[in-house]
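Asker: model the following, please.
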Amino acid sequence: MKRLVLAGCALLLLCAITTYHAVPLLYKEPLLWLNRSLSGLEEKTVQAAGHRIHYLEGGAGSAGGTPVVLLHGIFAEKDHWVDFARPLTGSHRVIAPDLPGFGESDRLEGQAYDYAAHTERLAAWLDALGLPRVHLAGNSMGGTIAALFALRHPDRVASVAFIGAPHGIRSARPSTMDRLIDAGQAPLVAHDAVAFDAMMDLVFAQRPFLPAPILEAARADAVRDAPSNLRLWHAQLKDRYLLQERIGGLRPPTLALWGQQDRVFDASGAEALRSLLPQARIETLPGLGHLPMMEAPLAVSARYGQFLHEMNAKNR
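Answerer: Below is the predicted model of the structure:
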């Protein structure tokens, strides 16, 4: 009997391994659920601003305290924050949405997805969740939305953090992506698997480990959505240096963590940001690229957590 049980277990394991490699997408949702659970996050949905918006929420302080809201970049999604959020959920309520137009949230034909629209929809989503005031942290597009929202609604924002370079600052040195854009390309829109891999090399200095089901799903989604993504890309490109023009008016405490090896927005932009916003805390991250919350989630989260701790201590 013991041999039969062992043989059965071995057969089940072999079947699981074979299925994992043959049909990896079957494992996507279980892997996402497991990783979210390890960070104390669960998926929720709400209707706001004419969109069904998916988001992750969890952590301590649900009954009080100022929540932390994490905003992803263009063509990214909420689960890119899960590992980064893990050290924060012990002391903060953490919420990470799929911004309208991205991830599992609605993308509607005929609707605008430029910065003006994103800023208005963020306000509507926060209202739907009953959040009068939050800490906003964002990467790339998400950082720019955070800053623009804080400029428009300063009473609703306790702090702003750029976790990776925000979009819209003119760097002294052109980045790899700047050169591609100037050559007429859209390097973050992947029309095939080769372009997807090139995009991954562009956004990461150190590629994080991504399980095959997650990577395969991301590649398939990017290729499938490429025509629609191109529309959103052009909506952002018209505001290429929007933040440069407006960020000087930002008043909440601000942290910027900029990857030194960022090929999307060159690290010389950190000095441009410092001149525009001298009161901000601006740090460069050696060896990291455009998505530091994925490349070194625990170390980068620790820096952000320390910023929140010091700011809260000053306000006591």
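Asker: now do the SS call for residue 79.
Answerer: Classification of residue 79 using DSSP: H, G, I helix; E, B strand; the rest coil returns helix.
Asker: quick one: neighbours of it, just the number.
Answerer: By the measure other C-beta atoms under 10 Å, the count of residues near residue 79 is 24. C-beta coordinates here come from the backbone N, C-alpha and C atoms, glycine included.
Asker: and the nearest residue to it once chain neighbours are set aside, how many residues sit next to it?
Answerer: Spatial nearest neighbour of residue 79, chain neighbours left out: residue 32 (5.9 Å); criterion: C-beta to C-beta, 6 or more residues apart in numbering. By the criterion of other C-beta under 10 Å, residue 32 has 19 neighbours.
Asker: below-threshold pLDDT in the stretch 151-300 of the chain: ranges please.
Answerer: Of all residues in the stretch 151-300 of the chain, none has pLDDT under 70.
Asker: okay, strands next: where are they in it?
Answerer: Assigned by DSSP state E, counting those that start in this stretch, the strands in the stretch 151-300 of the chain fall at 157-166, 254-259, 281-285.
Asker: hmm, back to that, what's the average pLDDT for the regular element (helix or strand) spanning the residue nearest to residue 79?
Answerer: Element membership for residue 32 (DSSP states H and E) is helix 28-38. Helix 28-38 carries an average pLDDT of 95.
Asker: kindly format the C-alpha coordinates of that helix as CSV.
Answerer: Output of helix 28-38 as CSV, limited to C-alpha atoms (Å, rounded to 0.1, in the frame of the first residue of the first chain):
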residue,chain,number,x,y,z
LYS,A,28,-1.4,31.9,-13.8
GLU,A,29,-4.3,32.6,-11.5
PRO,A,30,-3.1,30.2,-8.7
LEU,A,31,0.3,31.7,-8.7
LEU,A,32,-1.1,35.2,-8.6
TRP,A,33,-3.4,34.2,-5.7
LEU,A,34,-0.5,32.7,-3.8
ASN,A,35,1.8,35.7,-4.2
ARG,A,36,-1.0,38.1,-3.2
SER,A,37,-1.8,36.0,-0.1
LEU,A,38,1.9,36.1,1.0
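Asker: contacts for it, please.
Answerer: Residues from elsewhere that reach helix 28-38 (C-beta atoms under 8 Å, 6 or more residues apart in numbering): 42-43, 56, 58, 79, 82-83, 86, 211, 213-214, 216-217.
Asker: if you set the cut-off to 6 Å instead, what comes out?
Answerer: The contact list for helix 28-38 (C-beta atoms under 6 Å, 6 or more residues apart in numbering) reads 79, 82, 211, 213, 217.
Asker: now stretch 143-157
Answerer: Contacts of stretch 143-157 (C-beta under 6 Å, 6+ apart): 71, 115, 118-119, 122, 133, 136, 138, 160, 162, 166-168, 243, 247, 249-252.
Asker: Three-state assignment for the nearest residue to residue 140 once chain neighbours are set aside, please.
Answerer: Leaving aside its chain neighbours, residue 140 sits nearest to residue 73 (3.1 Å; criterion: C-beta to C-beta, 6+ apart). Three-state assignment for residue 73 (three-state DSSP): coil.
Asker: ok, residue 73 touching residue 162?
Answerer: No: with contact defined as C-beta atoms under 6 Å, residue 73 does not reach residue 162; the gap is 10.8 Å.
Asker: let me see the backbone angles for residue 48.
Answerer: phi -160, psi 140 (degrees, to the nearest 10).
Asker: separation between residue 43 and residue 58?
Answerer: Going from residue 43 to residue 58 by C-beta to C-beta, to the nearest Å gives 10 Å.
Asker: higher neighbour count, those two?
Answerer: Neighbour totals were compared for residue 43 and residue 58, and residue 58 leads with 21 against 16 (other C-beta under 10 Å).
Asker: quick check: pLDDT value at that one.
Answerer: Residue 58 is assigned a predicted lDDT (pLDDT) of 97.
Asker: distance check, it against residue 39.
Answerer: 7 Å.
Asker: which residues are in contact with the residue nearest to the spatial centre of the chain?
Answerer: Closest to where the C-alpha atoms of the chain average out (C-alpha atoms, centre = their mean) is residue 72, at 2.3 Å. Contact partners of residue 72, counting by C-beta under 6 Å, 6+ apart, are 80, 142.
Asker: and it, what pLDDT?
Answerer: 98.
Asker: next: residue 150.
Answerer: Per-residue confidence (pLDDT) for residue 150: 98.
Asker: which stretch among the strands of the stretch 151-300 of the chain comes nearest residue 299?
Answerer: With C-beta to C-beta as the criterion, residue 299 lies closest to strand 281-285 of the strands of the stretch 151-300 of the chain, at 8.3 Å.
Asker: pick the most buried one from the strands of the stretch 151-300 of the chain.
Answerer: For the strands of the stretch 151-300 of the chain, the largest average neighbour count (mean count of other C-beta atoms under 10 Å) is found in strand 157-166, namely a mean of 27.
Asker: so residue 191 versus residue 199, what's the distance?
Answerer: Residue 191 sits 10 Å away from residue 199, going by C-beta to C-beta.
Asker: perfect, I'm done here.
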